[in-house]
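[1] need a structure here:
(one chain, ligands or ions: 1)
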Amino acid sequence: MPSPEPRTIGEAVEACRLRLRAVSQTPWLDARLLTQHVTGLDASSVIAYGDCVLDRIRRKRLLELVERRASGEPIAYLTGKKSFCGLDIAVDKRVLVPRPESEELVLSCVEELRGTSAVVADVGTGSGALACALAHFLPDATVIATDISADALELSRWNATALGLAEQVLFVHCDLLTEVDASIRFDAIVANLPYVASGAGAELAADVRAHEPGVALFGGDDGLDVYRRLFAQAPAHMKPGAALFCEASPQIAGGLKRVAKDAFPEAAIEVRNDGAGLERILICRLTQAARHAAG
Ligand code: GLN
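    I've put the predicted structure just below:
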């Protein structure tokens, strides 16, 4: 942080912004979020109390966090949380930081199942962001969330409990759907699986590459390995008329669509764009019988 040493909250925000100007694309936002975090103030209070003195301990803490941010650590790992669909999701380096584009997956699934008592799977739940958001917006639904990482499940369970959703979201420690009871048939399966091609690591943002868990990012040579395995397991767990919602990137959307067509020859397959106009969601809708409505 440049001298003179900041004395007030407002000066601290400005000093952080200057320190992060060359290293972050959002120095002003980062500075405010870190200051909010160390002061416990909300966004508007950080501005309103800009002239108040920031005590020495908090200043030191802020300085440490700004230096970690300057060395590339994602802001959400520093503050320990990320807002997703309006919910505060706890995050740390055990899980991928939930992305705004993944909110589109929630919207698509909720749009389809609103008002029903559906049974939904969130495969590869990570922080539990998708599972918790689905449970929140579909209060009569049951969500089964799986993950291969016991560490991730510990955090996702914590999130469901903190959000008061523990009775609605059930967690299974397994690879994709392998340990989900064979008798369970879902109305929808939602999946944001690792889909970055192993050779495409260099295309990821430097802070993603350096800090986020590779197991949640990389999906083999063409990025589709984990989805291929899910597509082999999913049909046995889907009701007639059920839908599978998968997050993709524009780089893999075409390949994912081809793989889905092979795996679900009878299904209606659609690719939707995200808010930025990029191909982001693949939906495979099984044919036949109508989905049951809520009782
Ligand atoms: N959207 C992430 C990224 O490119 C990748 C997420 C994933 O592989 N599921 O940063």
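
[2] Provide a complete list of residue ranges assigned to strands in this structure.
    Along the chain, counting by DSSP state E, strands occupy 81-84, 87-90, 119-123, 142-147, 169-173, 186-191, 238-247, 268-273, 279-285.

[3] With mean pLDDT, distance to the ligand and mean neighbour count added, can I get these in JSON lines?
    Just so you know, the C-beta spots here come from the backbone N, C-alpha and C atoms, and that holds for glycine as well. JSON lines is the format used below for the strands of the chain (pLDDT from 0 to 100; distance: least, C-beta to the nearest ligand atom, whole Å; neighbours: other C-beta atoms under 10 Å):
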{"stretch": "strand 81-84", "mean pLDDT": "97", "distance to the ligand": "13", "mean neighbour count": "20"}
{"stretch": "strand 87-90", "mean pLDDT": "98", "distance to the ligand": "15", "mean neighbour count": "20"}
{"stretch": "strand 119-123", "mean pLDDT": "98", "distance to the ligand": "11", "mean neighbour count": "28"}
{"stretch": "strand 142-147", "mean pLDDT": "98", "distance to the ligand": "13", "mean neighbour count": "25"}
{"stretch": "strand 169-173", "mean pLDDT": "98", "distance to the ligand": "19", "mean neighbour count": "19"}
{"stretch": "strand 186-191", "mean pLDDT": "98", "distance to the ligand": "9", "mean neighbour count": "25"}
{"stretch": "strand 238-247", "mean pLDDT": "97", "distance to the ligand": "6", "mean neighbour count": "22"}
{"stretch": "strand 268-273", "mean pLDDT": "97", "distance to the ligand": "15", "mean neighbour count": "15"}
{"stretch": "strand 279-285", "mean pLDDT": "98", "distance to the ligand": "9", "mean neighbour count": "21"}
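
[4] Relative to residue 158, which of those is closest?
    Residue 158 lies closest to strand 87-90 among those, at 6.2 Å (C-beta to C-beta).

[5] neighbouring strands for that closest one, and are they parallel or not?
    Strand 87-90 has the following strand partners under DSSP bridges: strand 81-84 (antiparallel).
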